[in-house]
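S.K.: My questions concern the predicted model and sequence given below.
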Amino acid sequence: MQEPTFLILTALAERPLHGYGVIQQVSELSNGRVVLRAGTLYAALERLTEDGLLTVDREEAVEGRLRRYYRVTDDGRRELRAEVDRLRRNADLAAARLARTRPDPGGLALPGSAGLTAAPA
Amino acid sequence: MSATRPSPLARLEIAYRRLLVAYPGWYRREHGLEVLTTLMDAAGPRQRRPHVRDAIDLVRNGLRRRLTPPRGPGYAAVACVCAAFAALGGAGMGGAIAWSVAPTVPPREAVIALAENAVGRAPDDVQTWRAPYNHDVNAVLQGVPPAPADNAPETTTATYVLTPGEVEPTLARVVERLGAAGWTFEQGGMTFPVTTYRATREGMTITVMAGPTVAGGPSAGTRQYLGVVGHLATPVWTTPAAGAGLVAGGAIGWLLGVAATHRARRLSPRSRIAVAVVGGPSLLFSTLAVGYFLIGQVILASDGLSPHDALFPGKALADMLPVVGLSVVGLCASAALLNFAPRARASADGPRPGGPEQVWGYAAWLVAATQFVCLAGWLTITSVYLGRLYAVGGDRSGMLGGAYDPKDLVPFGNSPFNPFGWLLVAVTLVYTLGFIVSPLLLAVSVPALTLGRRYLARRTKVVLVIAAVSAVALPLLMFTPLSHDAGTWLFD
């Protein structure tokens, strides 16, 4: 699952949102790192709806504007949970490996020095 | 006094609406206002025009929707077949247009005068032949492509009947005189079974041929012939014209195919089945025509291509005219269905796209509809046979002996250009395929009625049971004496 898709599902996991609401939530969740544009957002919403992960919750038509609210389906929640588990496993795995790794004594790796370690004292 | 200018916000909305034109119409109708609302919600308070990144994003996604078929099995294949078929049509049309604007020289009189000067007397026979492309495709498919110059758009042949002893000196005299008149002969030339020389002058090609008369004919062995054939060289712009037609047709076919698949995806399940039943055979026929063209083209290419071969797409379409006609009619009917058939209701509570209810439902209705078409084919042929038998006073031996050809029933005469003739081909195909297809359909309907029964609506199950029964009955019916007689009448 790509990051924008993950963030869209996460944004909608709590409550139904309309397009602009999703853009705001995704920006907030990613600390402004992921900025969804309308064309990309609606391509993703359409794809996720086709896959049965999202559905239209309701529509609000006011003063020539149409706000369509999307919500996550049960399949969408399952998919998001599976992705969260996968990411968590990967994160745990990476953290465990890092914890076992001896820090580089000099803090810098010189060219051609890969694989060399400091002699034990 | 100046006209009232729209407010900055209104101008921004107009600009966004213009950018949304990049999306196909169906998308704008379904999502345009929603996307526009989001764009306006996201616009800053002082924003007067769209941000460049937003504009690029909208155009990119809009074009992607226009140019790519929906995800899902078969959609890309449908678009590819549409593109290939339209490319073939475009190439045929391009080549035909290039040929049709070619001058009609050499005039018959010019060839006759040329032959008279070269041989020294008036020809015994003169024939003029004009056709877009005279390749004998059966010969092509058997790997015997004729020489390109023999298939030029227009030929006039002046023929002389000679005794075997006269041939060699006459041929030598003709070659000498034409050479003196400025005709450039190709080196060599075929010598068996017919001696052939080709010469060109000022864009015109002639062939001088001499050989035995038709084997088994009245003068075979005692007379030989010498022919001076005047050709019009294929215009050099034929290949670019056919190529341009190929590209333009392919692009248009792809766009239409993509639009059709997007439309089909939004139809109700029953409408989709109707489109599949009408459009499926049409796509099959299109594939047949494209395949026929490709095989012929590969064989032609193996012997070297000439500008004249750019007319082959048109020739292939003409050869496959009944199949092409059925395909075009079916595709037009599919397009009408795509436009007017009921659409799926936008409901959050309906069967999930791709869910088991939808998949089994589609499979059941598609199988049932195909089975009923096969049954209709059998009923049509059998009832027409019975009607014809009654009309000829029960002359069964005459019916089976070929005295009453089914093609005689085609209104306005059976010709490759008559759509009623195409109908006969279609019904004959359905009648034949029904025997083969029925057991295959049974292989889907039985699992649908057992494994998938909980996903099917009651009415769907009833229809599927009737289809399954007819799938068993149809092959058995084919072995009855009545079916045997109808089949003999149809195919003999």
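M.R.: Happy to help now that I have it.
S.K.: Sheet partners, orientation included, of the lowest-mean-pLDDT helix or strand in chain A?
M.R.: Least confident helix or strand of chain A, by mean pLDDT, DSSP states H and E, is strand A:54-62 with a mean of 87. Using DSSP bridges, strand A:54-62 pairs in its sheet with strand A:65-72 (antiparallel).
S.K.: before we move on, the earlier item: any buried residues in the least confident helix or strand of chain A, and which?
M.R.: Neighbour counts over strand A:54-62 (16 or more other Cβ atoms under 10 Å in any protein chain shown) mark A:Leu54, A:Thr55, A:Val56, A:Asp57 as buried. Heads up, the C-betas are built off the backbone N, CA and C, glycines and all.
S.K.: what does stretch B:396-403 give?
M.R.: In stretch B:396-403, counting by 16+ other Cβ under 10 Å, buried: B:Met399, B:Leu400.
S.K.: So what touches it?
M.R.: B:Tyr385, B:Arg388, B:Leu389, B:Val392, B:Asp395, B:Tyr404, B:Asp485, B:Thr488, B:Trp489, B:Asp492 (Cβ atoms under 8 Å, 6 or more residues apart in numbering or on different chains).
S.K.: which one of those residues has the most neighbours?
M.R.: B:Trp489 (23 neighbours; other Cβ atoms under 10 Å in any protein chain shown).
S.K.: Please enumerate the helices of the stretch 51-200 of chain B.
M.R.: Taking DSSP state H, counting those that start in this stretch as the criterion, the stretch 51-200 of chain B carries its helices at B:52-67, B:75-100, B:108-119, B:137-141, B:164-180.
S.K.: Out of those helices, indicate the one that is most buried.
M.R.: Most buried of the helices of the stretch 51-200 of chain B by mean neighbour count (mean count of other Cβ atoms under 10 Å in any protein chain shown) is helix B:75-100; its value is a mean of 22.
S.K.: Show me what that one is packed against.
M.R.: Counting contacts by 3 or more Cβ pairs under 8 Å, 6 or more residues apart in numbering or on different chains; DSSP states H and E, helix B:75-100 packs against helix B:238-265, helix B:269-302, helix B:312-319.
S.K.: is any part of the first one close to chain A?
M.R.: Spelled out, it's helix B:238-265. No - Helix B:238-265 stays clear of chain A (Cβ under 8 Å from any Cβ of the partner chain), getting no nearer than 8.7 Å.
S.K.: before we move on, back to that, so which of the contacts of stretch B:396-403 are in helices?
M.R.: For the contacts of stretch B:396-403, the ones inside helices are B:Tyr385, B:Arg388, B:Leu389, B:Asp485, B:Thr488, B:Trp489, with DSSP state H as the criterion.
S.K.: Now do stretch B:53-69: everything it contacts.
M.R.: The contact list for stretch B:53-69, computed with Cβ under 8 Å, 6+ apart, reads A:37-40, A:42-43, B:16, B:19-24, B:27, B:35, B:39, B:50, B:75-76, B:78-79, B:254-255, B:257-259, B:261-262.
S.K.: Going through these, which ones are buried?
M.R.: Buried among the contacts of stretch B:53-69 by 16+ other Cβ under 10 Å: A:37-40, A:42-43, B:16, B:19-20, B:22-24, B:27, B:35, B:39, B:50, B:75-76, B:78-79, B:254-255, B:257-259, B:261-262.
S.K.: Show the model's pLDDT score for B:Glu320.
M.R.: Small correction: residue B:320 is Met, not Glu. Listed pLDDT for B:Met320 reads 82.
S.K.: excluding its backbone neighbours, what's nearest it?
M.R.: Using Cβ to Cβ, 6 or more residues apart in numbering or on different chains and skipping the chain neighbours, the partner closest in space to B:Met320 is B:Ala289 (4.5 Å).
S.K.: Point out the residues in chain A that sit beside chain B.
M.R.: A:18-20, A:23, A:37-43, A:46-47, A:50-52, A:55-57, A:64-68, A:75.
S.K.: Strands - which of those residues land there?
M.R.: When the residues of chain A next to chain B are checked against strands (DSSP state E), the matches are A:Thr55, A:Val56, A:Asp57, A:Arg65, A:Leu66, A:Arg67, A:Arg68.
S.K.: What helix or strand is the nearest residue to the fourth one once chain neighbours are set aside located in?
M.R.: Just to be clear, that refers to A:Arg65. In space, not counting the residues next to it along the chain, A:Arg65 is nearest to B:Thr37; the distance is 4.3 Å by Cβ to Cβ, 6+ apart. Assigned by DSSP states H and E, B:Thr37 belongs to helix B:33-42.
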